[in-house]
Structure formats: structure tokens, C-alpha cells
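**Q** Output the structure for:
(one chain, ligands or ions: 2)
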Amino acid sequence: SDHFTRPKALAGKKVVVTAGPTRERIDPVRFLTNFSSGKMGYAMARAAAEMGAETILISGPVSLQVPKGVKRISVESAEDMLNAVKTEYPDADIVIKTAAVADYRPIHAHSQKMKKQAGGSTIELERTVDILQTLGQEKTHQILIGFAAETNDVAHYAKDKLARKNADYIIANDVSEAGSGFESDSNRVTVYGRNGFERIFDMLPKEQLAQQLLGLIVEREDLHDS
Ligand code: CTP
Ligand code: CA
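**A** Ligands and ions are numbered 1, 2, ... in the order given. As a prediction, this is how the structure comes out:
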């Protein structure tokens, strides 16, 4: 379909992308995080900008260049990311939650460096806010897209997240598969949408996959006509 190659299919639209890991502080020199490289999110932002969208990239700490035509807002914790996304949400047309948001954070962020003691230690954790679920509850007109990295029962968990978070699409990848996932330059995903929609994509470089994923959204949501 020519929608996949139409260069300015997202002109006049505002796309918000979150990318990378979050950092949850334990003390001034230590934090909890994950292996997210940010590559998939940055590829999504680049593709959105190339398709003509006003593109805001809300990014956790990663070592990647800001794609051309993209405005980056740098954040650290899940709470920072939630606040930044909420500010951009009301007039956004598409929100793409590629970020690997920490599910837990230390209950106490110590203001001074913790000193080692004899014996073991325990860090008490509490849940962070689920950003995508919050956006799903507050959705007015936005198209909400989540990502899910799973090691097992991919379809089951992806469909559960789609419903629970009131998302329009969940893009799922099996991180147990070689060459796919966090640090990789390529990815193989399955997209799950409302009303049982399902599409399997080939293993592709993240840049190309991002273009195809946005092409699919434009085609299915009829965005090019308004
Ligand atoms: N997500 C979010 N806020 C969180 C946790 C996750 O917005 N606190 C978003 C992610 O950005 C992603 C989607 O929810 O788009 C799915 O994330 P994932 O970690 O796969 O799902 P969880 O609901 O956290 O479930 P679990 O980690 O237990 O599989
Ligand atoms: Ca999670």
C-alpha cells in the first residue's frame, strides 16, 4: 500500500514517544534500572518526524543522538516521565509508550550515600504509577500504543495489557528470541489491536520496523485524511 511510503502522512499531527529506561534512586550514587537501550523508541520518534509529525520524545537516560526534527525532553524516574507525558497529552494525537518504565522504586531515596554494614541489606520497594494505564483512563481522542517485552505467553500477556490499559495497540516482542529485543538493532514483533486485530511483522532493523509500524497505524486509523 502506498500509505507505507507516503512521506508526510502525519503532517499536522502531534506524536509523543517515550523511550529508554527509567532510573529510580536508592541514594545519590545508586539507582534501580533495566537494560533498555532506547533504540526502538528513538527509531519510532525518527519515523514520526520523517512522516511530518510534530514529535516530542520523552526520554530516560540513554546515549543516543536526538533524531532530526524531534524535540527531546529528558527525564530520569517513572514519576518524572509521568509528569512530562501528562503535560504533552491533551493535544497529542498519538502516544507511543516505548519506554521500559520501572515497576518498582525504593520507598526511601536516601539523601546521603548509604554506608556498607556488616551482614546483608534489604531495599524496600513500592509500585510506580502505570503511565500507560493512567493515559488509558484519561483518553479523549488519542491513539495509545504500548510496547510489551515478554519471555513467554506473548499473545496472552499482550492482549491482557491491551485491555487493562485501555490501549489501542500493544506491540509485543519475544525477548527470549535471538536478535530481538533490548540491546539489539533489530526486532520481530506482533501487533495486537482492538477487536482482535493481530499482525505479525518480519524480523527487521528497528529503523525500518518503526516506519512500518507507523504506516500500519496511519492506514488503520485513517489519519491521513484529517
Ligand atoms: N508502562 C507504563 N508505566 C509503568 C509500566 C509500564 O507506562 N509503570 C507501559 C510501558 O511503557 C509499555 C507498557 O506499559 O508501553 C507495557 O509495559 P510492560 O512492562 O510490558 O507491562 P507491565 O504492565 O509493567 O507488566 P509486567 O512488567 O508485569 O509484564
Ligand atoms: Ca513492567
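
**Q** Test my guess that residue 183 contacts residue 37.
**A** Yes: counting by Cβ atoms under 8 Å, residue 183 touches residue 37, with 5.3 Å between them. Where C-beta positions appear, they are placed from N, C-alpha and C, glycine not excepted.

**Q** Which one's more surrounded, those two?
**A** A direct count of neighbours by other Cβ atoms under 10 Å for residue 183 and residue 37 places residue 37 higher, at 20 against 8.

**Q** per-residue confidence at the residue nearest to residue 176 when sequence neighbours are not counted?
**A** Excluding the flanking residues, the one nearest residue 176 by Cβ to Cβ, 6 or more residues apart in numbering is residue 151, at 4.6 Å. Residue 151 is assigned 90 on the pLDDT scale.

**Q** Phi, psi for residue 151 please.
**A** Dihedral angles of residue 151 (phi, psi; degrees, to the nearest 10) stand at phi -100, psi -10.

**Q** wait, what's in contact with the residue nearest the centre of the chain?
**A** The geometric centre of the chain, computed from its C-alpha atoms, lies nearest to residue 98 (Cα atoms, centre = their mean), at 1.3 Å. Shown in contact with residue 98 (Cβ atoms under 8 Å, 6 or more residues apart in numbering): 17-19, 40-41, 44, 147.

**Q** Could you rerun that using 10 Å?
**A** With contact taken as Cβ atoms under 10 Å, 6 or more residues apart in numbering, residue 98 is in contact with 17-20, 36, 38-45, 57-59, 145-147, 171, 210.

**Q** so where do the helices sit in the protein?
**A** Using DSSP state H, the helices of the chain run over 39-50, 78-88, 131-137, 154-164, 206-221.

**Q** Now the last one: average pLDDT?
**A** This predicted structure assigns helix 206-221 an average pLDDT of 96.

**Q** How far away from the center of its chain is that helix?
**A** Remark: helix 206-221 is offset 15 Å from the chain centroid, using Cα atoms, centre = their mean, to the nearest Å.

**Q** So which residues make contact with the worst-scoring helix or strand of the chain on mean pLDDT?
**A** Counting by mean pLDDT, DSSP states H and E, the chain has its least confident helix or strand at strand 186-187, which shows a mean of 89. Strand 186-187 is contacted from outside by 39-40, 43, 147, 149, 171, 173-175, 177, 179-181, 201-210, 213, using Cβ under 10 Å, 6+ apart.

**Q** Any of these buried? List them.
**A** The neighbour count (16 or more other Cβ atoms under 10 Å) marks 39-40, 43, 147, 149, 171, 173-175, 180-181, 201, 204, 206-207, 209-210, 213 as buried among the contacts of strand 186-187.

**Q** low-confidence ranges in the protein?
**A** Low-confidence segments of the chain (pLDDT under 70): 1-7, 181-182, 224-226.

**Q** where along it do the strands fall?
**A** 14-19, 24-27, 30-32, 54-59, 70-74, 94-97, 104-106, 125-127, 143-150, 169-174, 186-187, 189-193, 198-200, 204-205 (DSSP state E).

**Q** List the contacts of residue 106.
**A** 24-27, 30-32, 123-126.

**Q** which of the residues you listed has the most neighbours?
**A** Ranked by neighbours (other Cβ under 10 Å), the contacts of residue 106 are led by residue 24, which has 23 neighbours.
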